[in-house]
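Colleague: kindly return the folded structure for what I paste below:
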Amino acid sequence: MMIKLKLTALLTALMALGLAASAAAAETKIEFWTFSMKPKFTPFFESVARNYEAANPGVKIEWIDFPWDVIQTKLVTRIVAGTPPALVNLNVPWADEYARDELLTPIDALLGASKSSYIPSTLEDLRFKGRTYGFPMYSNVAVIAYNQHIFRDAGLTRGPHSFDEQLAFARQIAARTGKAGIAPALSKIDGLFMWQGLAVIQDGKAVFNSPQHVALVQKLAATYKAGGLLKESLFAEDNFPAVIDAYKGGRLGMLLAPPTALKRIQGDAKDIYAITGVAPAPLGPTGIADGGWLIHFAIPKGVKADILPAVGKFALYLTSDANQLAFAKQASVFPTAVKAAADPYFLAHPSNAGAAEKAVEAGARSMAHSHTLYVAGIDDYDELRRSLVKAVEAGVTGKQDVRQALDQAVAIWNKKLSKQRLH
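Modeller: Residues are numbered from 1 along each chain as shown. Modelled structure (predicted):
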């Protein structure tokens, strides 16, 4: 009898172990990566993971965050090793590069009817060669903050409605107040060209020496000569620190920046914040809003086919209206989900609202026109862009004829591009 009881207990224990092993084997693990989200957004992402696990027994969510300058190396290493994460945070230029190198998995089948829940322009940013490569999460656009006292003294009563008006207002501010009017990020002149509907590369050749490109740079040169452009760090890779300091110091009429910049002004320069007006940034001739920069979740190559439906389900949850809205409020960015972007938090403000709240509404109204502007598919592009920026600097500052400077840069580009075409 004793032996029988022991055998029964042993069999029961073995069955329990077997069931536990089966449960463990059946568990679906979804590892997703973000960049530069810790520690500020740790509660948000941990809450998303735990809530999803609670509603989906048998699914284990693992969140890993890397610094933005490390995540690409980590990702490629894991893809090559055949152990990629299920989802990874990327920006659009990174996604375009990885999609071209066949390192991402198209998600069209996983989107299904949920495609209509995202702002169309955000999905358009993630379509390469007819296929979609990411679940949009958040984006940003620029607004124009302007010093109302400087505008008053310059005889201006509203924000500019076009890029030409931005430059005209800047010249008027300089002429009447002696202060700079605006500080464009000319290290990103390629994006400015595209925003204005001017191609940088066409049919594999650089084309930024056309009469239209020359005319645009000549307008910048005229505004520079008139004192309308802030000269501090004008051609620096990142001129924003100098620009926001100039605005906070009352030395700059207009600040083109995301709405988050208004919070900095509110905290650092209350006197300037109190006299700051806000206007939507003008759309270019392309109908595109300035300053768009989309962040999304992509599925790397090598994620096992049998877990793709589970990965897609979690990705849709991660980028759902509710989660996008909660994250956007915390991060001061804009959601890419249609319902979240239409939330009253973004599209309404009280009559006594400050510039920061007005900036959120102005930016939200531009979100439908937001696109990430960049040049795709070029090796050593940063090196090429630097030669373009040097040419524009020479033309804008009057050190060289604008047409001549752009012609020389185009020759440099096409020499390098021809070698790439040969390969």
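
Colleague: which residues touch Ser387?
Modeller: Under the criterion of Cβ atoms under 8 Å, 6 or more residues apart in numbering, the contact list for Ser387 reads Ala409, Ile412, Trp413. Bear in mind the C-beta positions are built from the backbone N, C-alpha and C, glycine included.

Colleague: between those, which is nearest Val214?
Modeller: Nearest to Val214, judged by Cβ to Cβ, of the contacts of Ser387 is Ala409 at 11.8 Å.

Colleague: partners of Pro280 in the sheet?
Modeller: Under the criterion DSSP bridges, Pro280 forms beta bridges with Val143.

Colleague: OK, contacts around it?
Modeller: Counting by Cβ under 8 Å, 6+ apart, Pro280 has contacts Val143, Ile144, Gly159, Ala289, Ala362, Gly363, Arg365, Ser366.

Colleague: let's see which of those residues end up in strands.
Modeller: Secondary structure of those is defined by DSSP state E; positions in strands are Val143, Ile144.

Colleague: all strands of the stretch 301-423 of the chain, in order?
Modeller: Along the stretch 301-423 of the chain, the segments classed as strands by DSSP state E, counting those that start in this stretch run 334-335.

Colleague: low-confidence stretches in it?
Modeller: In the prediction, the stretch 301-423 of the chain carries residues with pLDDT under 70 at positions 421-423.

Colleague: and the chain, by the same measure?
Modeller: The low-confidence ranges in the chain, as defined by pLDDT under 70, are 1-26, 421-423.

Colleague: one more time with 80
Modeller: Along the chain, the parts satisfying pLDDT under 80 run over 1-26, 349-351, 377, 420-423.

Colleague: which one of the contacts of Pro280 is nearest Ala206?
Modeller: Comparing those against Ala206 with Cβ to Cβ places Ala289 closest, at 25.9 Å.

Colleague: phi, psi for Phe35 please.
Modeller: Here the main-chain torsion angles of Phe35 (degrees, to the nearest 10) amount to phi -130, psi 130.

Colleague: that one against Trp63, yeah?
Modeller: No - Phe35 lies out of contact with Trp63 (Cβ atoms under 8 Å); the separation is 12.0 Å.

Colleague: for Phe44, give its distance to Gln324.
Modeller: Here the criterion is Cβ to Cβ, to the nearest Å. By it, Phe44 lies 11 Å from Gln324.

Colleague: Leu156 touches Ile173, doesn't it?
Modeller: Yes - under the criterion of Cβ under 8 Å, Leu156 makes contact with Ile173 at 7.3 Å.

Colleague: tell me which of those two has more neighbours.
Modeller: Applying other Cβ atoms under 10 Å to Leu156 and Ile173 shows that Ile173 carries more neighbours, namely 28 against 21.

Colleague: please name the nearest non-neighbouring residue to that one.
Modeller: For Ile173, ignoring the flanking residues on the chain, the nearest one in space by Cβ to Cβ, 6 or more residues apart in numbering is Gly181 at 3.8 Å.

Colleague: just give me the neighbour total for that neighbour.
Modeller: 30.

Colleague: for it, what are its contacts?
Modeller: Under the criterion of Cβ under 8 Å, 6+ apart, the neighbours of Gly181 are 154, 166, 169-174, 223, 228-229, 252-254.

Colleague: just those residues: which are in helices?
Modeller: Secondary structure of the contacts of Gly181 is defined by DSSP state H; positions in helices are Ala154, Gln166, Phe169, Ala170, Arg171, Gln172, Ile173, Ala174, Thr223.

Colleague: and Ala49, helix, strand or coil?
Modeller: Assigned state for Ala49: helix (three-state reduction, DSSP: H, G, I helix; E, B strand; the rest coil).

Colleague: roughly how far apart are it and Lys329?
Modeller: Applying Cβ to Cβ, one obtains 19 Å for the distance of Ala49 from Lys329.

Colleague: just want to know which of those two has more residues nearby.
Modeller: In this comparison of Ala49 against Lys329, neighbours counted by other Cβ under 10 Å, the higher total goes to Ala49 at 19 against 15.

Colleague: wait, that one touches Ile61, no?
Modeller: Yes - taking contacts as Cβ under 8 Å, Ala49 lies within contact range of Ile61: 3.9 Å.

Colleague: how far away is the closest residue to Pro160 other than its chain neighbours from Ala411?
Modeller: Sequence neighbours aside, Gln166 is the residue nearest to Pro160 in space, at 4.4 Å (criterion: Cβ to Cβ, 6+ apart). Distance, Gln166 to Ala411, using Cβ to Cβ: 31 Å.

Colleague: for Asp380, same thing?
Modeller: Taking Cβ to Cβ as the measure, Asp380 and Ala411 are separated by 16 Å.

Colleague: who's more crowded, the two?
Modeller: Set side by side, Asp380 and Ala411 show unequal neighbour counts under other Cβ under 10 Å, the larger going to Ala411 at 12 against 9.

Colleague: ok, the more buried one - contacts?
Modeller: For Ala411, no residue counts as a contact, taking Cβ under 8 Å, 6+ apart as the criterion.
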